[in-house]
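Asks: Here is my input, please return the structure:
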Amino acid sequence: MIEFKCHCSQNLQTPEDQAGGMMQCPRCGRLNDIPTLSDLRNLDAEGGFKISDLEIVDTPDRLKQAAKAFTRSRTTDTGGEIDLRPTLEDVMKAGVEEIPLTDDAAIGNSPKYDPITGELIVPLTVKREDASAETGPIPMATAVVGYATRDTQAGQGSVALALLSPVNLIVLFFVMLAYMLFALLTIFFAPIALILGCPPTLVGMVIVGPAVMAHYSNVINEVAFEERDELPRFMRNFSLSEDIWVPMVQFVLGVVYAFAPLAVWVKLAGVSRQGDALALGLLLLGSFVFPAALLTMTSSGSLPNARPDRLLSVIAAAGTRYLWLAVVSFIVVVTSMITIGGFGMIPVASLHDFYRLHIPPGWVAIPIVLSQLYLAHYGAWQLGLLYRSKHAQFKWVNQLHIKRNRTTLAPRRLARRTMPTSSVKSKP
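Replies: Residues are numbered from 1 along each chain as shown. Here you go, the predicted model:
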């Protein structure tokens, strides 16, 4: 009989033929290694191994025994078998004898062991929250970056207030500096312009004009495609092609599309009271078409979309919202003419006399420039929001690449017609 102690100090007993096996403790349920018969003399009363001095035993034939045990031969010199491990046939003949384990109900919560590693699974203690304790409202995260958080159908008030935010005011300040540089270049170049017979604003339009025009196209693209709800930096990333030249060309194409008839009429007939009605009508018509033309040129990326019916699809998709954009466009166009060339830039003679008799130019210069600066950014922002919300209704072409299967969509080859049997001549 083998007697030893469990980890919980429970005395265990088992027959000697179970030496080296495992036994479940009836008290704690843990599996314990049954000591071998050679280990019994080394166990103390508490079940631990005794620590004694190391006894060195001299075995002169150790090398010979090791060579005999680890040789490739499976039999000894006398013909005995070295490998005494049982084969599958021996196991099948012996059968399987299940070792009865202690009832889990009698032990209580019996321990669990990992089926792969055999390690004891220790349960983790989970802290239980007091159900009676009152919990406050769950704090919701707030947006830090304001990109694309505003509705695509943003009204006039939301955009008008957003332009007054600190970030957007900084952008407006740098655009205002560009306006001031344009005015300084016009003043300095005025004497030379009188000698050469060219407009005084020519130098300013060549140096500052491209950057300012490209800026308004960039505002539309940033709000429309990048879905940003703030103004981009002036000249954006300072790329000569992507940030200045291409947007400037798009802006110029929109201006030419809307106001080319007015420019031709002024060139042919000049500014006179007789042509005021037609000039004012062309000015109103150009201001009405300009938002759709500018949005088409800057956002569609294809000149065939400038066809009148496709341009009208943009106006139809905007609905009544476009009327407000047309009013803003007219104010921006008139104030831009005054900012660039003064009151004489407006191609209506009666308006010249009205400004000259009723409004001193010196008092309205700064308010006109500031209003043009603010309303131009406001209109560009609204055009970007219009594209963001209604672009699917625009009847534009070359906007989507639809992959076609050439095999299935290719025209079928006509079957070869066979000659009628009556027309075939038989050989003799």
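Asks: When you work out contacts or count neighbours from here on, use the C-alpha atoms and nothing else.
Replies: OK.
Asks: Count the neighbours of Lys395 for me.
Replies: 15 (other C-alpha atoms under 10 Å).
Asks: Isn't it up against Ala306?
Replies: No: here Lys395 does not reach Ala306: they are 10.7 Å apart, not a contact under C-alpha atoms under 8 Å.
Asks: which helices and strands does the helix or strand hosting Leu177 pack with?
Replies: In the assignment (DSSP states H and E), Leu177 maps to helix 166-196. Applying 3 or more C-alpha pairs under 8 Å, 6 or more residues apart in numbering; DSSP states H and E, one finds that helix 166-196 contacts helix 202-207, helix 209-224, helix 361-390.
Asks: Extract the C-alpha set from the second one and format it as CSV.
Replies: Pointing back at helix 209-224 there. Extracted in CSV, the C-alpha atoms of helix 209-224 (Å, rounded to 0.1, in the frame of the first residue of the first chain):
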residue,chain,number,x,y,z
GLY,A,209,-5.0,87.7,-60.8
PRO,A,210,-4.1,84.0,-61.5
ALA,A,211,-3.6,83.2,-57.8
VAL,A,212,-6.9,84.9,-56.8
MET,A,213,-9.0,83.3,-59.5
ALA,A,214,-7.4,79.9,-58.8
HIS,A,215,-8.2,80.3,-55.1
TYR,A,216,-12.0,80.5,-55.7
SER,A,217,-11.8,77.4,-57.9
ASN,A,218,-9.9,75.6,-55.1
VAL,A,219,-12.7,76.6,-52.6
ILE,A,220,-15.3,74.9,-54.8
ASN,A,221,-13.1,71.7,-55.2
GLU,A,222,-12.2,71.4,-51.5
VAL,A,223,-15.8,71.8,-50.4
ALA,A,224,-17.2,69.5,-53.2
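Asks: Give me the contact list for whichever helix or strand comes after that helix.
Replies: Heading C-terminal from helix 209-224, the first helix or strand you meet, by DSSP H and E, is helix 246-269. Identification of contacts with helix 246-269 by C-alpha atoms under 8 Å, 6 or more residues apart in numbering yields 210-211, 213-218, 275, 279, 282-283, 285-287, 289-290, 293-298, 347.
Asks: Please work out the average pLDDT along helix 246-269.
Replies: For helix 246-269, mean pLDDT rounds to 89.
Asks: Need the residues that contact the next helix or strand after it.
Replies: Heading C-terminal from helix 246-269, the first helix or strand you meet, by DSSP H and E, is helix 276-299. Helix 276-299 is contacted from outside by 217, 220-221, 247, 250-251, 253-255, 257-259, 261-262, 265-266, 303, 305-306, 311-312, 314-315, 325-327, 329-330, 333, 347-350, 383-384, 387, using C-alpha under 8 Å, 6+ apart.
Asks: Sweet, I'm off.
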